[in-house]
Structure formats: C-alpha cells, structure tokens
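>>> With the input below, show me the fold.
(one chain, ligands or ions: 2)
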Amino acid sequence: MLQQLREVLVAKGLDGLWVAKPENIRYLTGFTTPKDGKLLVMLDSELLYTDSRYTVQATEESRVPFEIARFDEVYEHAKQFTTGKKIGFEADAVLYKQFQELAALAATLEPVDGLIEAFRAAKVASEVAGIRQAAQIADAALEALRPKLQAGVRERDFALELEFEMRKRGADSAAFEIIVASGERSAMPHGTASSRVMQNGDLVTIDWGAALNGYHSDCTRAYPIGDVPRQLREMYNAVLEANLLAISHVKAGVGCKELDTIARDYLTKQGFEKEFAHSLGHGVGLAVHEAPSLSQRAKDTDVLEVGNIVTIEPGVYLEGVGGVRIEDLLVVTATGCEILTSLPKPRL
Ligand code: ZN
Ligand code: ZN
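Ligands and ions are numbered 1, 2, ... in the order given. Now for the predicted structure:
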C-alpha cells in the first residue's frame with residue numbers, strides 16, 4: 001500500500017506525507033495505538049514515531065521501522081528527512097496548534113485531502129473478514145436481548161445491556177454510542193439512549209455496532225412494541241422498501257449519488273421527500289464513517305468499487321410523531337453485494 005501511496009505523492013509533486021490521522025497510521029503500519037503515533041512517509045523511506053510507553057508494542061506490531069521519541073523530539077528528528085522538501089499533511093486531521101508545530105519540519109507544507117482514505121475505501125479480504133465478524137457479534141448480541149425489548153424498559157438500560165452482550169461476545173467496545181430512540185424520540189435520527197421508558201405502541205429505533213481490532217460494524221433496526229399506530233407502520237414499510245430497493249441496485253460501477261437518488265425518489269413518491277433528511281449511506285472500516293459517501297453531495301464520477309463496505313440506511317423522521325431508519329452493512333462485489341447484517345426486518 002505504501003508503494004501505491006508513493007505513486008500518488010509523486011503525481012502530486014510531493015516529496016513526502018506527514019500522517020497524523022490515527023486510522024491512517026494504523027492502516028499503513030498496523031500499530032494499534034495510533035493516537036499516540038505519527039508517521040512520516042518519504043519517497044524512499046517511512047518512519048513511525050511513538051513514545052517509550054509503546055516500545056514493546058511497536059516492536060510487535062509495526063510493519064514499518066519506528067523511532068521512539070518524546071512528543072517534543074519528533075519534529076526535530078524528522079527534520080533530517082524533510083528539510084527543504086515539499087511535505088503533505090492531512091488538512092482534516094491537523095489542528096492549528098499542530099500545524100504551527102509542523103513548521104519545525106523546515107519543509108514547504110501542502111494540505112492534502114483523502115489520499116490514504118481513497119485506499120482504505122476498498123477493503124482486502126482480511127478487512128472484510130474482520131468487519132463481517134464484528135457484524136456477527138453485533139447481530140448475536142441484539143438477538144440475545146430481543147426478549148428484553150418491551151414496555152417498561154429504559155432506553156439507556158437496553159443500550160447498556162446491548163454493549164455488555166457485544167463485549168461478552170468478543171467486541172472491544174461498541175463501535176459508537178448506541179442509539180435507542182423510542183416513541184417521539186425516534187424522530188431524532190441520532191437520538192442516543194435516554195432515560196425514557198419504552199411503552200406499548202412505540203416503534204423503537206436501535207442503531208448499534210461492534211468495534212473489533214480497530215474495525216467497526218454498523219446496523220439499524222426498528223422494532224414495534226405492542227400495537228404500533230398505522231402512520232408509523234406505513235413509515236416503516238416505506239423505509240423498508242427503500243432499503244431493499246437500494247440494496248438491489250448495489251454493485252461495482254453504480255454511482256454513489258445514483259443510489260441515493262434511487263432511495264430518495266422512492267421515498268418522495270411515498271410522500272416523504274423532506275422527511276428523509278440525511279444521506280443514504282457511508283463507508284465503514286477503521287472509521288465508522290469513511291469513504292465512499294452515498295449522497296447527493298457525491299461527485300457524478302464517484303462509483304462503487306469491489307471491496308467497498310457501505311451502509312444502506314434510508315430513514316424517515318416526522319417531528320412529534322416518530323421516525324424509522326433501517327440500515328444494513330454490505331460488501332460491494334462485481335455482480336451485487338454480500339450483506340453482512342443478518343437480522344430479519346419483517347414488514348409491519
Ligand atoms: Zn448506524
Ligand atoms: Zn451508518
């Protein structure tokens with residue numbers, strides 16, 4: 001991967017790249033505490049910087065040479081490689097203070113955007129296997145807890161138990177703060193679990209995932225408690241159809257914007273134009289949200305590639321009434337996709 005990255009650097013007229021984003025450092029080196037690391041990629045060498053707390057770990061994990069240096073020594077050491085050179089830095093990962101520190105590299109600094117992320121978007125077999133396993137853990141955890149999803153249970157308690165069930169099954173943690181949104185709260189697309197007590201007639205949105213070895217899964221289901229009003233059931237069924245329709249169009253070569261449009265047009269026809277207030281999906285990997293983005297903001301030239309792992313998650317949200325989102329995680333193949341999230345989503 002470093003070799004391909006170097007070809008991109010050459011094409012951009014860069015002599016090197018200063019990598020600060022933890023996911024990118026982990027991707028290129030294998031070092032599992034990348035938040036305490038920095039990576040310098042030059043055209044003929046690369047060096048991981050971390051501090052003395054990680055000497056043993058870096059020895060065991062890093063696929064690239066590493067240097068143990070105190071935080072304040074890093075730039076001074078790197079200067080021998082970078083002085084007078086043109087060095088890229090990740091525009092979306094470097095804070096202003098860190099940018100000021102980069103001056104010590106004595107290089108011409110050039111902001112870059114999405115260089116390594118473009119490589120991360122297409123997963124290799126081992127990454128697919130890891131994310132598949134994370135998705136299976138998340139599914140099994142929810143399945144085990146389903147009997148407890150009932151009137152009288154606090155959203156927060158259900159979320160806590162769901163995380164516990166995932167960790168018991170081997171997850172390192174939840175992939176993100178679990179969303180359990182019941183009743184009118186389900187109209188909030190990102191309503192993290194509150195102290196609301198679930199009631200009969202609720203349609204409960206649960207958005208959860210497992211983190212495993214740096215990778216993540218992401219899934220959403222909506223479950224009825226008792227008799228759910230017809231308006232909510234209609235919303236649910238429309239979202240489900242949009243989810244199935246979009247998934248049926250997934251394969252390598254399909255436009256990222258086009259997929260979003262397919263789901264959006266369907267929901268618009270069902271009367272939910274404004275109510276589908278976010279994009280259709282996103283890539284998932286070392287970050288929960290990464291490239292590619294399935295949205296109206298995608299470029300016309302952005303197409304799905306073999307090995308992309310993306311979510312398909314249409315949703316409809318009606319303030320004061322409730323909302324529904326149904327999200328699946330899938331691997332793009334040449335002829336279609338493999339769906340990694342397996343929990344049933346029956347019509348209501
Ligand atoms: Zn999600
Ligand atoms: Zn998602």
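
>>> List the contacts of the residue of the stretch 101-250 of the chain found nearest ligand 2.
Nearest residue of the stretch 101-250 of the chain to ligand 2, counting by Cβ to the ion: residue 218, 4.3 Å away. Bear in mind the C-beta positions are built from the backbone N, C-alpha and C, glycine included. Counting by Cβ atoms under 8 Å, 6 or more residues apart in numbering, residue 218 touches 175, 176, 207, 209, 284, 288, 311, 327, 329.

>>> quick one: which of those sit in strands?
Among the contacts of residue 218, the members falling in strands (DSSP state E) are 207, 311, 329.

>>> How about the residue of the stretch 101-250 of the chain closest to ligand 2, nearest residue that isn't a chain neighbour?
Distances taken as Cβ to Cβ, 6 or more residues apart in numbering put residue 209 closest to residue 218, at 4.3 Å, once the chain neighbours are dropped.

>>> got it, and residue 260?
In space, residue 260 comes closest to residue 280 once its chain neighbours are excluded; the distance is 4.1 Å by Cβ to Cβ, 6+ apart.

>>> Kindly report the same for residue 87.
Excluding the flanking residues, the one nearest residue 87 by Cβ to Cβ, 6+ apart is residue 107, at 4.1 Å.

>>> Spit out the contact partners of the one you found.
Contacts of residue 107 by Cβ under 8 Å, 6+ apart are 15, 16, 82, 83, 84, 85, 86, 87.

>>> Quick one: classify the last one as helix, strand or coil.
Following DSSP: H, G, I helix; E, B strand; the rest coil, we place residue 87 in the strand state.

>>> doesn't residue 111 make contact with it?
No - using Cβ atoms under 8 Å, residue 87 makes no contact with residue 111, being 10.7 Å away.

>>> Neighbour count: the two, which is higher?
Between residue 87 and residue 111, counting by other Cβ atoms under 10 Å, residue 87 is the more crowded of the two (25 against 11).

>>> For that one, give its distance to residue 174.
Distance, residue 87 to residue 174, using Cβ to Cβ, to the nearest Å: 37 Å.

>>> which residues touch the nearest residue to residue 83 once chain neighbours are set aside?
Setting aside the residues directly before and after it, residue 83 is nearest to residue 106 in space (Cβ to Cβ, 6+ apart), at 4.3 Å. Each residue near residue 106 by Cβ under 8 Å, 6+ apart is listed here: 79, 82, 83, 84.

>>> same check, this time on residue 256
292, 293, 294, 295, 298, 299, 302, 303, 304.

>>> wait, isn't the first one in contact with residue 121?
Yes - counting by Cβ under 8 Å, residue 292 does reach residue 121; the two are 5.6 Å apart.

>>> the more surrounded of those two?
Shown here are residue 292 and residue 121; by other Cβ under 10 Å, residue 292 has more neighbours (23 against 20).

>>> Spell out which helix or strand contains that one, please.
Element membership for residue 292 (DSSP states H and E) is strand 290-294.

>>> what separates that strand from the chain centre, distance-wise?
In terms of Cα atoms, centre = their mean, to the nearest Å, the centre of strand 290-294 is set 9 Å apart from its chain centre.

>>> ok, residues contacting it?
Contacts of strand 290-294 (Cβ under 8 Å, 6+ apart): 23, 114, 117-118, 120-121, 256-257, 259-260, 279-284, 298, 302, 304-305, 308, 310-312.

>>> which residue packs closest to residue 243, ignoring adjacent ones?
residue 326 (4.6 Å).

>>> Point out the residues in the protein that sit beside ligand 1.
With the criterion set to Cβ under 5 Å from the ion, the chain comes near ligand 1 through 207, 218, 220, 327.

>>> Now render those residues as TSV, adding distance to residue 250 and pLDDT.
As requested, those are arranged in TSV below (distance: Cβ to Cβ, whole Å; pLDDT from 0 to 100):
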residue	distance to residue 250	pLDDT
207	20	98
218	16	98
220	17	98
327	14	98
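
>>> among those residues, who's most crowded?
The most crowded member of the residues of the chain next to ligand 1 is residue 218, carrying 28 neighbours; neighbours defined as other Cβ under 10 Å.

>>> separation between it and residue 50?
29 Å.

>>> Now residue 141: phi and psi?
For residue 141, the backbone dihedrals (degrees, to the nearest 10) come out as phi -60, psi -50.

>>> any residues in contact with both of residue 292 and residue 121?
In contact with both residue 292 and residue 121: 283, 305, 308, using Cβ under 8 Å, 6+ apart.

>>> where along the stretch 51-200 of the chain do the helices fall?
55-61, 74-82, 96-102, 115-120, 125-145, 155-168 (DSSP state H, counting those that start in this stretch).

>>> Show me the domain layout of the protein.
Annotated domains of the chain cover 2-120, 125-339 [automatic domain parsing].

>>> Would you mind finding the most buried of those?
Mean neighbour count (mean count of other Cβ atoms under 10 Å) peaks for domain 125-339 among the domains of the chain, with a mean of 20.
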